[in-house]
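In: coordinates only, sequence not included:
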């Protein structure tokens with residue numbers, strides 16, 4: 001997680017580019033912390049599109065009196081990514097998780113799927129009254 005405030009308006013999550021792994025960053029919750037004012041706090045995610053142009057997308061607009069917390073249901077992002085407090089003074093806390101998938105392990109994820117056999121499902125029966 002990280003915290004965005006009036007003095008620390010941005011946080012960048014990056015990984016070692018030499019790393020031979022795929023990285024997924026998932027954002028779970030964005031919430032106002034103790035000491036936040038009743039003002040709009042807009043959090044943006046800054047990344048790059050397929051043309052390597054910087055883009056900023058607002059993901060949360062929090063206000064103490066009406067929406068102090070937002071669940072983002074593990075909103076997945078590709079590092080490097082920057083979180084920026086575009087409006088407000090915070091403090092805003094961001095929480096999530098970082099998953100590392102080693103590329104050589106990816107081919108062995110599900111051996112069951114390689115069998116070629118389809119599992120037969122039982123028919124759905126109506127509920128008894």
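Out: Ah, there it is. Please read these numbers as outputs of a predicted model, since none were measured by experiment.

In: Mind jotting down where the strands sit in this structure?
Out: 2-4, 10-13, 21-32, 41-48, 54-62, 69-77, 81-87, 92-102 (DSSP state E).

In: Now do the buried residues in the shortest one.
Out: So that's strand 2-4. Residues of strand 2-4 classed as buried by neighbour count (16 or more other C-beta atoms under 10 Å): residue 4. From N, CA and C alone the C-beta is placed, and that goes for glycine too.

In: Starting from it, tell me which strands it pairs with and how they run.
Out: Here strand 2-4 is paired, per DSSP bridges, with strand 92-102 (antiparallel).

In: Quick check: buried residues in the partner strand?
Out: So, applying 16+ other C-beta under 10 Å, buried residues of strand 92-102: 92-94, 96.

In: Report the two members of the residues you listed separated by the largest distance.
Out: 92 and 96 (13.3 Å; C-beta to C-beta).

In: who does the nearest residue to residue 47 once chain neighbours are set aside bridge with?
Out: Excluding the flanking residues, the one nearest residue 47 by C-beta to C-beta, 6 or more residues apart in numbering is residue 81, at 5.0 Å. Here residue 81 sits in beta bridges with residue 13, going by DSSP bridges.

In: tell me the contacts of residue 10?
Out: Residues in contact with residue 10 (C-beta atoms under 8 Å, 6 or more residues apart in numbering) are 4, 46, 82-85.

In: taking these as a set, which two sit the farthest apart in space?
Out: Of all pairs in the contacts of residue 10, the most separated under C-beta to C-beta is 4 and 46 at 12.2 Å.

In: so what sits against both of the two?
Out: With C-beta under 8 Å, 6+ apart as the test, residue 4 and residue 46 both reach 10, 83-84.

In: From residue 56, how far out is the residue lying closest to residue 72 once chain neighbours are set aside?
Out: By the measure of C-beta to C-beta, 6+ apart, the closest residue to residue 72 outside its immediate chain neighbours is residue 27, 4.9 Å from it. Shown here: residue 27 relative to residue 56, a distance of 15 Å by C-beta to C-beta, to the nearest Å.
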